[in-house]
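1. What follows is a protein structure lacking sequence information:
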């Protein structure tokens, strides 16, 4: 069965983040995960794990039988580092952010399913387990045919 356009977009973001590897010319190799439950932030995530959280979708227009949506995705990148590391945590986070921006913006149309992609943030975070990282918000604008979320509009 076909997938809704929003699911194709989410899968595209996950695939793009998983393509961020040192072998592909990036600074780090990231591991993307789509969350399996709502309470995910305090899980024992590893260094360079990236958790993708689909946020609340916003309708931006409804004209000519086409609904236009803004779909934000929260991107949590966990970055851990020891005191003896050769680079600062800020340097590591700056490189990770640049890697994500570079990869996601090579195809702002999300494989032909979106009209545009924008990246907002970053914001540093620390969870209850003292794991730190950086949060980005990826906002994707796309359209669907009215009453058919499986068909791009």
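-> Everything's here; your move. It should be emphasised that the depicted structure is a prediction, and the values quoted were computed from it without experimental measurement.
2. Can you give me every residue that contacts the residue nearest the centre of the chain?
-> Centroid-nearest residue in the chain, with CA atoms, centre = their mean: residue 75, separated by 4.3 Å. Taking CB atoms under 8 Å, 6 or more residues apart in numbering, we find residue 75 in contact with 17, 50-53, 100, 135-138. To be clear about C-beta, it is placed using only N, CA and C from the backbone, and glycine gets the same treatment.
3. Closest to residue 4 out of those residues?
-> Residue 4 lies nearest to residue 52 out of the contacts of residue 75, by CB to CB, at 16.1 Å.
4. In contact with the closest one, which residues?
-> Counting by CB under 8 Å, 6+ apart, residue 52 touches 10, 13-14, 17, 32-35, 73-75.
5. between the residues you listed, which has the most around it?
-> Within these, residue 13 tops the neighbour count with 26 neighbours, counted by other CB atoms under 10 Å.
6. Look up how far residue 127 lies from that residue.
-> Going from residue 13 to residue 127 by CB to CB, to the nearest Å gives 22 Å.
7. for residue 88, same thing?
-> As defined by CB to CB, residue 88 lies at a distance of 20 Å from residue 127.
8. When those two are compared, which one has more neighbours?
-> residue 127 (16 against 10).
9. hang on, the more buried one packs against residue 44?
-> No. Residue 127 lies out of contact with residue 44 (CB atoms under 8 Å); the separation is 9.8 Å.
10. ok so, going back, need the contacts of residue 52 in CSV with pLDDT and distance to residue 117, can you?
-> What follows is the contacts of residue 52, written out as CSV (pLDDT from 0 to 100; distance: CB to CB, whole Å):
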residue, pLDDT, distance to residue 117
10, 98, 12
13, 98, 9
14, 98, 14
17, 98, 13
32, 97, 16
33, 95, 20
34, 94, 17
35, 85, 20
73, 98, 10
74, 97, 14
75, 97, 12
